[in-house]
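# one predicted model, sequence on top.
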Amino acid sequence: MSIVASQLPKDNDAQGCAYVDGSFIPLAEARIPMLDRGFVRSDATYDVTHLWKGRFFRLDDHIERFYASMAGLRMEIDESPAELRNLILQAARHSGLEDAYVQMTCTRGVPPAGSRDPRMCKNQLSLFVQPFVWIARPEQQETGLKMVVAKTPRIPSEAVDQRIKNFNWLDLTRGIFEAYDQGADVAVHPSIHGGLTEGAGFNFFCMKGRTLSTSADGIFEGMTRRTVMELAPSHHLTLEVGRVTAEQLQDADEVFLTSTAGGVMPVSEVNGRQIGSGRPGPVTLSLRKAYWELHSNPEYTTALTEAGA
């Protein structure tokens with residue numbers, strides 16, 4: 001796939017780069033059609049990876065999951081995984097960014113005039129690269145986040161399969177406001193079936209003794225969550241994946257969030273109750289350190305200078 005040089009944004013464009021309708025353009029100029037069902041019906045899926053110090057973290061895993069999500073929504077794009085990988089690398093290079101948040105999106109597309117039939121749409125690929133996005137910036141992580149258990153339940157997976165990354169965020173947005181109204185930073189949502197699920201863009205873990213617990217149902221199975229689960233044995237932690245309750249969360253020795261937008265992020269307070277010492281715990285800090293160390297490991301990362309793009 002060839003791109004005309006004049007279509008590319010200038011190097012070191014701090015605002016980022018987008019790929020829309022077959023062209024690379026400055027992110028600030030990127031648009032999708034008003035009638036695309038991705039806009040008017042939230043009929044879309046996406047995935048987010050990040051670039052850190054010039055290396056993508058688990059890029060191929062993110063691309064594989066993106067194609068699985070499209071298949072789950074009966075979508076497909078013309079680009080192969082290898083071609084998409086090439087486009088992502090090109091976009092990142094032309095953005096001039098070393099640390100970036102990178103999103104690939106597939107929208108259902110625009111139906112023929114007068115039609116509501118999603119089968120009649122041409123599915124559309126777009127992607128963008130922007131400066132790194134943090135749920136909790138490094139300075140916030142030094143003291144830990146304040147979290148609340150939202151009253152708003154997470155949309156059940158029986159209605160919207162949360163294993164497929166989606167734009168159905170109104171429940172999560174209500175949770176964000178619930179947190180802010182209570183002087184907290186983030187909110188985790190209960191399930192209608194009992195237990196807790198996830199928050200806006202993050203999974204969570206809690207630890208009691210040497211047992212690390214995380215929710216299993218009603219969640220998007222995040223890549224950072226997967227990485228922490230892979231790191232658990234080397235930290236001599238027993239991993240439990242299942243139902244986690246609000247009481248279990250508040251009684252934990254340590255609590256932390258996981259997200260592509262920030263990595264492993266300590267929580268110091270839940271529903272106004274101090275967790276542990278009220279500071280980031282030693283296991284959380286050890287896992288956070290191990291997670292970021294993987295960002296220089298060639299088995300987990302892809303360099304922007306990789307040939308072929």
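Happy to help now that I have it.
# any chance you could map the strands in the stretch 1-150 of the chain?
17-20, 23-26, 44-52, 55-57, 100-107, 124-131, 145-149 (DSSP state E, counting those that start in this stretch).
# for T302, which of those is the nearest?
Among the strands of the stretch 1-150 of the chain, the nearest to T302 by C-beta to C-beta is strand 55-57 (4.3 Å). From N, CA and C alone the C-beta is placed, and that goes for glycine too.
# in that closest one, which residues are buried?
55-57 (16 or more other C-beta atoms under 10 Å).
# what is the nearest of those residues to V110?
For the buried residues of strand 55-57, the nearest to V110 is F56 (31.0 Å; C-beta to C-beta).
# now the nearest residue to that closest one once chain neighbours are set aside: how far from T49?
Nearest non-adjacent residue to F56, counting by C-beta to C-beta, 6 or more residues apart in numbering: T302, 4.3 Å away. With the distance defined as C-beta to C-beta, to the nearest Å, T302 ends up 9 Å from T49.
# overlap of the contact sets of these two?
56, 59 (C-beta atoms under 8 Å, 6 or more residues apart in numbering).
# more crowded one of the two?
Taking neighbours as other C-beta atoms under 10 Å, T302 and T49 compare with T49 leading, 24 against 20.
# can you give me the neighbour number for the closest residue to the more buried one other than its chain neighbours?
Among residues not flanking T49 along the chain, H62 sits closest, at 4.1 Å (C-beta to C-beta, 6+ apart). The number of residues packed near H62 is 21, by other C-beta under 10 Å.
# contacts only, for H62.
Contacts for H62 (C-beta under 8 Å, 6+ apart) come out as 47-49, 104, 223.
# can you map out the strands along the stretch 151-300 of the chain?
In the stretch 151-300 of the chain, the strands defined using DSSP E, counting those that start in this stretch lie at 186-190, 196-199, 203-208, 211-215, 238-242, 254-259, 263-270, 273-274.
# what about the third one, average pLDDT?
Regarding strand 203-208, the rounded mean pLDDT is 98.
# equivalent analysis for the first one, please.
The pLDDT scores in strand 186-190 average 98.
# list the buried ones in the helix or strand bottoming out on mean pLDDT in the chain?
Least confident helix or strand of the chain, by mean pLDDT, DSSP states H and E, is helix 138-141 with a mean of 92. By 16+ other C-beta under 10 Å, the buried positions in helix 138-141 come out as 140-141.
# cool, and stretch 275-289?
Neighbour count says stretch 275-289 has 275-276, 280-281, 283-285, 287-288 buried, by 16+ other C-beta under 10 Å.
# ok, the residue located most distally from the centre of the chain to L35 distance?
Residue farthest from the centre of the chain, counting by C-alpha atoms, centre = their mean, is G114 at 35.0 Å. Distance, G114 to L35, by C-beta to C-beta: 11 Å.
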